[in-house]
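# Give me a 3D structure for the following:
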Amino acid sequence: MIGRLTGILLEKQPPHILLDVNGVGYEVEAPMSTFYRLPAAGEKATLHTHLVVREDAQLLYAFADKRDRQLFRELIRLNGVGPKLALSLMSGLEVDELIAAVQAEDTSALTRVPGVGKKTAERLLVELKGKFSAWETSAGGAVPLVKGAAAAPASSSADAVSALIALGYKPQEASRAVNAIKEDGLSSEELIRRALKGMG
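Sure thing, here's the model as predicted:
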């Protein structure tokens, strides 16, 4: 099992990351909660990983910290929740937001996530109830991987739209959400974060 990777961040195209570890390029998938905390390309990053082995593929999922990875593992244990839906949930909601939604039995918070209908949300709330008791005392979110933000690339809007489509949003919906953000010079990660909040 590959549990952690430390290397140079080569590419970040949500939901994919390419990390160079001593000359070996690891391609991993990550939720947006991890992308928000990544350093700029060319910088060093440490990611906690979970390996899924299938008949046709070996898939590596990466997270900014162990808490996020633990949540991912809890989610994929649930009936009907695969890695793709787990990543969508973790992209649409921060760990603390998801815990709060479960505690408050708030189906509307879950149904904002693409691929989660009312029945699925209700089932998730039932299955997750009680699983976060040890997490409730956690203070705030995880510590960022690096201080400071990367400069916004010229194609940040296009990258943000592509990432939202990859997360399951319709192209028109993704474009509308990104175009609604009027502030200039934002990174694709910040655009995605604000678009997700806006769609919520």
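
# can you tell me which residues contact the spatially most central residue of the chain?
Geometric centre of the chain, nearest residue: Pro31, 1.7 Å, by Cα atoms, centre = their mean. Pro31 makes contact with 15, 63, 68, 72, 87-88, 90-91, according to Cβ atoms under 8 Å, 6 or more residues apart in numbering. To be clear about C-beta, it is placed using only N, CA and C from the backbone, and glycine gets the same treatment.

# what pairs with the closest residue to Leu38 other than its chain neighbours across the strands?
Leaving aside its chain neighbours, Leu38 sits nearest to Lys12 (5.7 Å; criterion: Cβ to Cβ, 6 or more residues apart in numbering). Beta-bridge pairing for Lys12 (DSSP bridges): Ile17.

# Now that Lys12 has come up, it's in contact with Tyr36, right?
No - at 10.9 Å, Lys12 does not count as touching Tyr36 under the criterion of Cβ atoms under 8 Å.

# Could you pull out the strands in this structure for me?
Taking DSSP state E as the criterion, the chain contains strands spanning 4-13, 16-21, 24-29, 44-53, 58-63.

# of all those, which lies closest to Pro171?
Among those, strand 4-13 comes nearest to Pro171, with 16.7 Å by Cβ to Cβ.

# In the closest one, which residues are buried?
For strand 4-13, burial by neighbour count (16 or more other Cβ atoms under 10 Å) applies to 5, 7-9, 12.

# Check those against Lys131 and report the nearest one.
Among the buried residues of strand 4-13, Leu5 lies closest to Lys131 (Cβ to Cβ), at 26.8 Å.

# Was I right to think the closest one contacts Leu47?
Yes - counting by Cβ under 8 Å, Leu5 does reach Leu47; the two are 5.1 Å apart.

# what touches both of the two?
19, 28, 62.

# Just the closest of these to Val53, please.
Val28 (14.4 Å).
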